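In: task: produce atomic coordinates for the following.
(4 chains)
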Number of protein chains: 2
Amino acid sequence: MARNVKIKAARAELDMTQKALADAVGVSRQTMNAIEQGNYNPTIRLCRAICKVLGKTLDELFGEENDDEQ
Amino acid sequence: MARNVKIKAARAELDMTQKALADAVGVSRQTMNAIEQGNYNPTIRLCRAICKVLGKTLDELFGEENDDEQ
DNA sequence: CAAAAATGTAATATATACTTGACAAAAATT
DNA sequence: AATTTTTGTCAAGTATATATTACATTTTTG
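Out: Numbers count the residues shown, from 1 in each chain, chains lettered A, B, ... in the order given. Sure, this is the predicted structure:
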């Protein structure tokens, strides 16, 4: 499942809560949590929105997925 | 809608047809076509698979929010 | 420590990514 | 020019991303 610790770290840099990030990108808190937990597979549009808010690139936050479940 | 011409170009570099790319990443030809036409919003897993096959990064193929339709 | 805020997780519901089949038009091949 | 291959697109179905409600646990704060 591979938790996405990079999002968590980027969020921490900005002192943002999961809910604050979820609100900023327009999804539910549960969706943000699930993404950080690695429990699914967001759309590219959502990934882009997350990158924009956190000031990171796609490659930084979503590149190099080492796991291949599914 | 913003067509994704970068995928088309990368495909051309490798002399790959839409169907060949679709097969390589495990989706239907129609799905690949729709992505190139900008008709939707693939999942990050599919984007990663496309990048892997085409030898490009996420930022190269899917960065730079070319379009902004909802 | 107690209260509050943040996080993890489950169940059910809805929107939409993706499939399949089919056909027309454009491009490439002969 | 005819044939084949590739691309664009549509309609109807299936799978899954995301929402909502709800509750338990962990972390933070007073």
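In: show me which residues of chain A are close to chain B?
Out: Within chain A, the positions adjacent to chain B are A:41-45, A:47-48, A:52, A:57-59, A:62-63, A:65, A:70 by CB under 8 Å from any CB of the partner chain. The C-beta positions use only the backbone N, C-alpha and C, and glycine is treated the same way.
In: in chain A, which spans are helices?
Out: For chain A, applying DSSP state H gives helices covering A:5-13, A:18-25, A:29-37, A:44-54, A:58-62.
In: quick one: which of the residues of chain A next to chain B has the most company?
Out: Among the residues of chain A next to chain B, residue A:62 has the most neighbours (other CB atoms under 10 Å in any protein chain shown), with 26 neighbours.
In: which residues does it contact?
Out: A:4, A:47, A:51, B:44, B:48, B:58 (CB atoms under 8 Å, 6 or more residues apart in numbering or on different chains).
In: disregarding residues adjacent in the polypeptide, which is nearest to residue A:37?
Out: Distance criterion CB to CB, 6 or more residues apart in numbering or on different chains; nearest residue to residue A:37, sequence neighbours excluded, is residue A:3 at 5.7 Å.
In: cool, residue A:26 as well?
Out: Excluding the flanking residues, the one nearest residue A:26 by CB to CB, 6+ apart is residue A:49, at 7.0 Å.
In: so how far is residue A:14 from the one you found?
Out: 15 Å (CB to CB, to the nearest Å).
In: near DNA strand D, which residues of chain A show up?
Out: Applying CB under 7 Å from any atom of the strand, one finds that chain A approaches DNA strand D through A:26-31, A:34-35, A:40-43, A:45-46, A:70.
In: can you do 6 Å?
Out: By CB under 6 Å from any atom of the strand, the residues of chain A that approach DNA strand D are A:27-28, A:30-31, A:40-43, A:46.
In: turn the residues you listed into CSV, including pLDDT.
Out: CSV is the format used below for the residues of chain A next to DNA strand D (pLDDT from 0 to 100):
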residue, pLDDT
A:27, 98
A:28, 98
A:30, 97
A:31, 98
A:40, 83
A:41, 95
A:42, 97
A:43, 97
A:46, 97
